[in-house]
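1. Predicted structure and sequence below. I'll ask about it afterward.
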Amino acid sequence: MAESDKIAAAPETGGLDPGASSAIDHEDRLRPEFVDEVLDAVEAGNDERAREMVAPLHPADVADLIELAARDERDGLVKALAGIVDADVLAEMNEHVRETLLDALGPDELARIAGDLETDDAVAILEDLEEHEQRAVLRAMEPDDRAAVEEALAYPEESAGRLMQRDLIAVPEHWKVGRVIDYLRSTDELPTDFWEIFVVAASHHPVGTCKLSTVLRTPRSTPVVDIMMREQTLIPVDMDQEDVALRFQKYALVSAAVVDGAGRLVGMITVDDIVHIIQEEASEDALLLSGVGEGDINEPVGESYRSRVRWLAANLVTALVAATIIRQFTGSIEKLAILAALGPIVAGVGGNAGTQTLAVTVRAFATNQLTSSNRWRAVGREIRVALLNGVTIALLLGIGVSLVLSSPSLGLVIGAAMMTNIVTAGMAGVLVPLTLERMGADPAVASSIFLTMITDSMGYLAVLGLATASGIVH
């Protein structure tokens with residue numbers, strides 16, 4: 001694989017190339033005028049000018065440039081930037097954009113690109129290919145590269161095995177510091193950039209780690225076991241990437257050893273990989289909560305349609321529940337038409353209150369803050385918050401209705417309805433995702449649909465039911 005696949009490289013901290021400064025704004029985004037100028041140069045056939053402008057950019061910025069181009073402009077742009085759009089750029093690119101570009105490449109070219117990428121990035125490219133295409137690319141790869149990718153593909157998707165780097169520095173526990181240093185200097189095939197050395201027993205089980213800085217500052221005669229840190233966080237090879245990210249976050253890890261089912265060291269994961277995972281998982285939960293699938297602006301229209309329409313259809317069905325409740329009180333609405341205007345207010349505010357609670361609960365699940373040991377304490381907390389919110393908003397709305405409509409009785413009814421719906425929304429916002437989680441479903445996927453049904457139904461039921469029961473509708 002690429003040299004970067006053999007190292008646990010720290011994130012780059014250097015500044016931008018001076019030639020790129022005019023292309024990037026203060027928020028690290030490509031300036032629109034720069035994008036237009038590059039695309040105009042390509043359209044005019046001035047590929048040399050386009051390459052001259054793009055060459056100073058970081059691979060991530062080159063990937064952004066290609067993503068910002070219209071679909072029908074991308075092929076021409078990539079061809080014009082031949083030699084610049086390399087494996088590093090593809091690794092930074094949005095997967096939907098990358099997929100359309102790779103579709104035009106043959107197995108040999110894909111194999112060359114995959115060989116220049118880190119194993120996890122190569123796997124990200126190959127795992128989306130059809131099975132026969134995947135086999136063709138693997139056959140065209142170098143044997144060592146092919147073995148690494150095939151091993152990674154054998155692990156479940158979004159697992160530590162797919163994330164980990166295979167090449168690392170591991171030394172026996174009986175070595176001394178001098179021998180470690182000589183080993184690092186004398187072997188060309190070892191990683192060239194790293195900051196942690198893993199110490200293993202004869203069975204290849206990790207027993208500790210040594211920071212490179214510690215090794216360099218320790219006398220050569222010192223045994224490695226005397227300076228290594230025995231406490232370490234081991235990552236099972238089949239652990240879900242979201243759980244891996246939580247471990248890195250909780251224990252402030254820079255890197256961690258990955259072990260197989262027998263406890264043997266098989267790879268490592270570094271924090272630069274985890275940063276991407278944290279972002280992906282956070283975005284995924286937020287998008288699932290809204291029912292928009294991947295929610296990527298580069299996603300094909302057909303895929304976006306299919307992922308969104310099913311939730312809108314489900315929402316339509318749940319909305320009919322609220323409509324059925326309203327239908328039962330048509331007589332009350334006819335006698336006091338103002339209820340038709342006040343009902344949506346109660347339902348809407350209740351829905352917003354429930355969404356607040358739902359967002360907090362789903363985030364707590366995602367970050368392991370909410371577990372079986374504190375779930376009922378969390379329910380009690382959200383009910384208390386809902387009661388406080390309900391009292392405050394109910395008083396404001398009730399007093400407002402009483403003064404504006406000169407009807408204290410109606411103000412009391414609307415205030416009580418608002419109080420009822422906000423408390424119900426608060427309870428639903430935490431109980432619905434808890435129930436889904438107990439059933440083995442992802443709380444982020446369907447909670448919002450059920451919450452909308454509950455708050456809309458309760459809002460209208462409370463307004464119309466209390467108005468009818470109180471006798472203000474004659």
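-> Nice, I can see it.
2. Do a quick rundown of the strands in the stretch 101-250 of the chain.
-> Assigned by DSSP state E, counting those that start in this stretch, the stretch 101-250 of the chain shows strands spanning 170-172, 196-200, 206-211, 234-236.
3. Please work out which of these is packed deepest.
-> Most buried of those by mean neighbour count (mean count of other CB atoms under 10 Å) is strand 196-200; its value is a mean of 21. For glycine as for every other residue, the C-beta is placed from the backbone atoms N, C-alpha and C.
4. who touches it?
-> For strand 196-200, the surrounding residues in contact (CB atoms under 8 Å, 6 or more residues apart in numbering) are 8, 168-173, 180, 206-212, 215, 224-225, 228, 254-255, 257, 265, 268.
5. Parallel or antiparallel, list what pairs with that strand.
-> Its sheet considered, strand 196-200 pairs with strand 170-172 (parallel), strand 206-211 (antiparallel) by DSSP bridges.
6. As a markdown table, those strands with distance to Ala23 and mean pLDDT would be great.
-> Supplementary listing: these in a markdown table, determined by distance: least, CB to CB, whole Å; pLDDT from 0 to 100:
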| stretch | distance to Ala23 | mean pLDDT |
| --- | --- | --- |
| strand 170-172 | 42 | 94 |
| strand 206-211 | 38 | 94 |
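7. next SSE after the one helix or strand Ser409 maps to?
-> Here Ser409, judged by DSSP states H and E, is contained in helix 408-438. The helix or strand immediately downstream of helix 408-438 is helix 443-470, counting by DSSP H and E.
8. now that next one, how far from the chain's geometric center?
-> On the basis of CA atoms, centre = their mean, to the nearest Å, helix 443-470 sits 31 Å off its chain's mean C-alpha point.
9. repeat for stretch 183-199
-> For stretch 183-199, the distance to the chain centre is 32 Å (CA atoms, centre = their mean).
10. got the end-to-end distance for it?
-> 14 Å (CA to CA, to the nearest Å).
11. Now do the buried residues in it.
-> Across stretch 183-199, burial judged by 16 or more other CB atoms under 10 Å covers 184, 191, 194, 196-199.
12. Need the strands paired with strand 196-200 in a markdown table (columns: distance to Thr435).
-> Listed next are the strands paired with strand 196-200 as a markdown table, based on distance: least, CB to CB, whole Å:
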| stretch | distance to Thr435 |
| --- | --- |
| strand 170-172 | 46 |
| strand 206-211 | 40 |
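13. Ala347: which of those strands is closest?
-> strand 206-211 (56.4 Å; CB to CB).
14. Select the helix or strand of this protein having the lowest average pLDDT value.
-> Least confident helix or strand, the chain: helix 301-327 with a mean of 68, by mean pLDDT, DSSP states H and E.
15. contacting residues for the residue lying closest to Ser159 once chain neighbours are set aside?
-> Using CB to CB, 6 or more residues apart in numbering and skipping residues adjacent in sequence, the residue nearest Ser159 is Asp238, 5.4 Å away. Neighbouring residues of Asp238 by CB under 8 Å, 6+ apart: 155-156, 159-161, 261.
16. Which of the strands of the stretch 101-250 of the chain sits closest to Pro433?
-> For these, the distance to Pro433 is smallest for strand 234-236, at 26.6 Å, taking CB to CB.
17. in its sheet, what does that closest one sit against?
-> Strand partners for strand 234-236, identified by DSSP bridges, are recorded as strand 255-259 (parallel).
18. Which is the succeeding secondary structure element to the partner strand?
-> Taking DSSP H and E, what comes next after strand 255-259 is strand 265-270.
19. which helices and strands does that next one pack with?
-> If you count contacts as 3 or more CB pairs under 8 Å, 6 or more residues apart in numbering; DSSP states H and E, strand 265-270 packs onto helix 160-163, strand 196-200, strand 255-259.
20. could you check the angle strand 196-200 makes with that strand?
-> 160 degrees (axes from the mean of the first three to the mean of the last three CA atoms, to 10 degrees).
21. Pull the distance from strand 265-270 to the chain's centre.
-> Per CA atoms, centre = their mean, the centroid offset for strand 265-270 relative to its chain is 22 Å.
22. hmm, back to that, which one, of the strands of the stretch 101-250 of the chain, ends up nearest to Asp121?
-> Nearest of the strands of the stretch 101-250 of the chain (CB to CB): strand 234-236, 19.0 Å.
23. can you list the weak-confidence ranges in the stretch 201-350 of the chain?
-> For the stretch 201-350 of the chain, the stretches flagged by pLDDT under 70 are 281-299, 301, 304-305, 307-316, 318-320, 334-335.
24. rerun that using 90 as the cut-off
-> Residues of the stretch 201-350 of the chain that meet the criterion pLDDT under 90 lie in 212, 241-243, 245-246, 249-255, 269-345, 347-350.
25. ok, so what distance separates Ala111 from Val259?
-> Counting by CB to CB, to the nearest Å, the gap from Ala111 to Val259 is 30 Å.
26. between the two, which one's more packed in?
-> When neighbours are counted by other CB atoms under 10 Å, Ala111 comes out ahead of the other of Ala111 and Val259, with 23 against 19.
27. Skipping adjacent residues, who's closest to that one in space?
-> Spatial nearest neighbour of Ala111, chain neighbours left out: Ala140 (3.6 Å); criterion: CB to CB, 6+ apart.
28. Counting neighbours, what do you get for the one you found?
-> By the criterion of other CB under 10 Å, Ala140 has 18 neighbours.
29. cool, the one 4 residues further on as well?
-> When counting by other CB under 10 Å, one arrives at 11 neighbours for Asp144.
30. Need the pLDDT of it.
-> Predicted confidence (pLDDT) for Asp144: 84.
31. What segments of the stretch 51-200 of the chain are helices?
-> Using DSSP state H, counting those that start in this stretch, the helices assigned to the stretch 51-200 of the chain run over residues 59-68, 71-80, 87-92, 95-102, 107-116, 119-126, 131-140, 143-153, 160-163, 177-186.
32. Could you point out which of the ones you listed sits nearest Pro32?
-> helix 59-68 (8.6 Å).
33. export the helices and strands packed on strand 265-270 to TSV and tack on distance to Pro107?
-> Formatted as TSV, the helices and strands packed on strand 265-270 follow (distance: least, CB to CB, whole Å):
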stretch	distance to Pro107
helix 160-163	22
strand 196-200	36
strand 255-259	30
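34. Let me know which of those is the nearest to Asp36.
-> The closest of the helices and strands packed on strand 265-270 to Asp36 is helix 160-163. By CB to CB, the value is 37.6 Å.
35. which residues are in contact with that closest one?
-> Residues from elsewhere that reach helix 160-163 (CB under 8 Å, 6+ apart): 120, 123, 151-156, 235-241, 244, 258, 266-267, 269, 273, 277.
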